[in-house]
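Engineer: Take this sequence and fold it.
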Amino acid sequence: MLSIYQFLLNKGLEKRRVQEKFFSIVLSAIEEGNNTVKLIQAPTGTGKTYGYLIPLMETGQKAIISTGTKLLQEQLRKDIESLRSVYSYLYGKDINYLILKGKTNYLCLDRYYELPPTQRPAELELAIGSSWDGDFEFVSLEPELKEKLSIDEDHCTPHYRNLCKYRKDCYYWSRLKRMEQKADLLVINHALLSLKDFDAEDRVLVIDEAHELDKYLTSSLGMSLSLYTLRREIMGRVREFIPGADIELEEFFAKHFGGLFKGDKEEVPLESLKAYAEAFEREVVLPLRSFFKNIRESLISELTNFTTERMFVSLKFKDYLLKTGLIDWDRYLDLKANYEEPTQEEERLIKKLRDYEILSNKLRKAFDFAKVMKEDPQEFGYLVGRKFSKRLGTFNYYLEVFPVFPAGHVDFTGYRAVIATSATIDPEDMASCVGLRGEYYELEHGFDYSRVDFLVYMVEPRREREKWELCLKEGYRYLRSLYEKVLVLLTNKENIKLFEKEGDVAFQGEEPLSRLVQELREGKIKALIGLDSLWFGVDVKGPKGMLMAKLPFESPEDPITFHRIRFLKSIGENPFDYQKRKALIKFRQGIGRLIRSREDYGTIVLCDKRIFRFKEFLRAVQELGIRVRRTGSNFH
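Structural biologist: Next comes the predicted model:
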């Protein structure tokens, strides 16, 4: 038996046969190697986190663990720390691990020290002088300041990085990269997984919360361009070189896309961007190219004058100058360098060159986006969105291009083994959406679901709209009469207004979800009402009620769903099979919110009689041992 597990059993950990089965699957994957793939459906109560962490630690197997969000990464930190202390006690040595997030989550020292001393937050000053790892998660800063001080790949280019005076102390490129090489366990999120910006050789890849992999990969593999980027990040930098330069950016977006938005809709699918490409080229791209040409010519003239007047320049300035592409090879060879560090005047020019380089990188991305608009690749989907921005003082429009399915865009090779796990993993969905195929294991449930009442209000949401809304209100009040904690799982933002007059409730989005969940646990609120995140990511123990508005089919107007339906029709497949599969995964996740421990019990009210038409949903409930009852008004 695994020593850590035996130690924990002796200390009171509950012995679970299903968890021991999980151990054996992970151990077999490690032993088999050769990029073997295991897909494990591990229901709530399995203890899947310990299920993979304990075998990895016991065998000394290095691993990359990918999970859905930064919040889940932090939860994993707690589990690793607990097991790490046991491992150290038993074996007299340590386990090295690293929680690695995207670059923008870390402080850039170069950008920080550009701030005047009076503008540097005291909390950051203290953190920098401590053992802090540069992660903004552990300091309190305004979002705008975080954005201004975070690592930006356009600012931190490879050749500027070599010149940066803070290179050796950089939180990301120096400290974290050193720790990454030493880490036995590297914890990332699904968005980072698509980049594969780490060494996979002889490591096991564990994909936790694998049901969410599709969503995060689709998002991270896309391209986007926003009014904010064009106005603040591009035109703001253009005006540093050419004061007074302007383009009617708001007019372009409002004219071409403003009429597509009805009500409070924030995103609209577009069949193509090609129809807008010519206008975008004429009204945005060509003026930007003209500005950039003038900036480039002015800088070349300034650099030519500077280098002509000097007998010598510094080695760092000379090297950086070549990499900007603003000086030809012959002139570079004529430059004589006989000292290492830049002079004050050279530092001024380096800063100007760096600003030019940042602008150049941001423009390159905008021009690449314009090129994609013209090419209109068939395997990609398109959308336009808008949200009101306080910083812009108007709607921030954004265009996105994303792979219809991420399968084929992500490399799962090179690992010793791949283990994908979730309470609701679907092998067909993993294969068709993300391209991951392997041996499938379905572990048994460990909780007693006979303590759950499941009531179905016999109403159809779309055809009986008024009656359905009454059902939602009545079902909510019924559950509030029974329980001190109620979760309301909606599928559409419009339905939130039905509960706005209810007391002791909180709505998703009012505060960070983790805080709202804690308030529900502590009894500060009696009900938590929301959309996607409540179906997937809420853990509240104890007796409770749950109101499901309807079976969670995605709207055909959701941009990703829209393009997937369109694509599946084009290749002769029935898109409803896909829609049903996705809705079933979400439905089963929602049911899993009710029972989080052996002591839990409760009532689920579903306001959708279609569960009796789509038998897969009914079976998903009955296979848990839950009896489904039809009910009418007043829940008699």
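Engineer: hey, let's count contacts and neighbours off CA atoms from now on
Structural biologist: Fine.
Engineer: Tell me how far stretch 15-31 lies from the chain's centre.
Structural biologist: Using C-alpha atoms, centre = their mean, to the nearest Å, the mean C-alpha position of stretch 15-31 is found 29 Å from that of the whole chain.
Engineer: host element of the nearest residue to residue 429 once chain neighbours are set aside?
Structural biologist: The shortest distance from residue 429 to any non-neighbouring residue, by C-alpha to C-alpha, 6 or more residues apart in numbering, is to residue 581 (7.5 Å). Using DSSP states H and E, residue 581 sits within helix 575-591.
Engineer: got it, and residue 418?
Structural biologist: For residue 418, the element it lies in under DSSP H and E is strand 417-422.
Engineer: Quickly run through the sheet partners of that strand, with directions.
Structural biologist: strand 36-41 (parallel), strand 204-207 (parallel) (DSSP bridges).
Engineer: Would you mind pulling the contact partners of that strand?
Structural biologist: Strand 417-422 is contacted from outside by 26, 29-30, 32-43, 203-211, 412, using C-alpha atoms under 8 Å, 6 or more residues apart in numbering.
Engineer: redo that, cut-off 6 Å
Structural biologist: 33, 35-42, 204-210 (C-alpha atoms under 6 Å, 6 or more residues apart in numbering).
Engineer: and which of those is nearest to residue 401?
Structural biologist: Of all the contacts of strand 417-422, residue 401 sits closest to residue 210, with 23.4 Å by C-alpha to C-alpha.
Engineer: part of a strand, is residue 603?
Structural biologist: Yes: judged by DSSP: H, G, I helix; E, B strand; the rest coil, residue 603 forms part of a strand.
Engineer: Distance check, the residue nearest to residue 429 against residue 427.
Structural biologist: As judged by C-alpha to C-alpha, to the nearest Å, residue 581 and residue 427 stand 11 Å apart.
Engineer: quick one: low-confidence ranges for the stretch 401-550 of the chain?
Structural biologist: The model of the stretch 401-550 of the chain has no residue with pLDDT under 70.
Engineer: how about the helices of it, start to end?
Structural biologist: All helices of the stretch 401-550 of the chain, identified by DSSP state H, counting those that start in this stretch, fall at 427-429, 465-482, 513-521, 532-536.
Engineer: List the buried residues of the second one.
Structural biologist: Read that as helix 465-482. Neighbour-count burial for helix 465-482, with 16 or more other C-alpha atoms under 10 Å as criterion, is recorded at 467, 468, 469, 471, 472, 475, 476, 478, 479, 480.
Engineer: Next: the third one.
Structural biologist: By neighbour count, and taking 16+ other C-alpha under 10 Å as the criterion, the buried residues in helix 513-521 are 513, 516, 517, 519, 520, 521.
Engineer: Over to the last one?
Structural biologist: By neighbour count, and taking 16+ other C-alpha under 10 Å as the criterion, the buried residues in helix 532-536 are 534, 535, 536.
Engineer: could you dump the buried residues of helix 465-482 to TSV with distance to residue 85?
Structural biologist: Listed next are these as TSV, based on distance: C-alpha to C-alpha, whole Å:
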residue	distance to residue 85
467	56
468	53
469	52
471	51
472	48
475	47
476	45
478	46
479	43
480	42
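Engineer: of all those, which two lie farthest apart?
Structural biologist: Largest pairwise distance in the buried residues of helix 465-482, by C-alpha to C-alpha, is 20.0 Å, between 467 and 480.
Engineer: remind me, longest helix of the chain?
Structural biologist: Taking DSSP state H as the criterion, the chain has its longest helix at helix 344-375.
Engineer: Report all helices and strands that it contacts.
Structural biologist: helix 274-280 (3 or more C-alpha pairs under 6 Å, 6 or more residues apart in numbering; DSSP states H and E).
Engineer: After the helix it packs on, which helix or strand is next?
Structural biologist: Per DSSP H and E, the first helix or strand lying C-terminal to helix 274-280 is helix 286-309.
Engineer: I'd like the next helix or strand past that following helix.
Structural biologist: Beyond helix 286-309 in the direction of the C-terminus, DSSP H and E gives the next helix or strand as strand 313-314.
Engineer: What lies in contact with that following strand?
Structural biologist: In this structure, residues lying in contact with strand 313-314 by C-alpha under 6 Å, 6+ apart are 337, 339, 340, 341, 342.
Engineer: Burial check on the second one, number of neighbours?
Structural biologist: Meaning residue 339. Close neighbours of residue 339, defined as other C-alpha atoms under 10 Å, add up to 13.
Engineer: That one: what's it in contact with?
Structural biologist: Contact partners of residue 339, counting by C-alpha under 6 Å, 6+ apart, are residue 314.
Engineer: Adding mean neighbour count, mean pLDDT and distance to residue 118, write the strands paired with strand 417-422 out as a markdown table.
Structural biologist: Shown next, in a markdown table, are these (neighbours: other C-alpha atoms under 10 Å; pLDDT from 0 to 100; distance: least, C-alpha to C-alpha, whole Å):
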| stretch | mean neighbour count | mean pLDDT | distance to residue 118 |
| --- | --- | --- | --- |
| strand 36-41 | 24 | 98 | 54 |
| strand 204-207 | 25 | 97 | 45 |
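Engineer: sorry, back to before: which of the contacts of strand 313-314 lies closest to residue 167?
Structural biologist: Proximity of the contacts of strand 313-314 to residue 167, judged by C-alpha to C-alpha, is greatest for residue 341, which lies at 14.7 Å.
Engineer: okay if I get the helices of the stretch 401-550 of the chain as JSON lines plus distance to residue 148?
Structural biologist: Listed next are the helices of the stretch 401-550 of the chain as JSON lines, based on distance: least, C-alpha to C-alpha, whole Å:
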{"stretch": "helix 427-429", "distance to residue 148": "39"}
{"stretch": "helix 465-482", "distance to residue 148": "44"}
{"stretch": "helix 513-521", "distance to residue 148": "25"}
{"stretch": "helix 532-536", "distance to residue 148": "28"}
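Engineer: what's the closest of the ones you listed to residue 74?
Structural biologist: Checking the helices of the stretch 401-550 of the chain against residue 74 by C-alpha to C-alpha gives helix 513-521 as the closest, at 11.8 Å.
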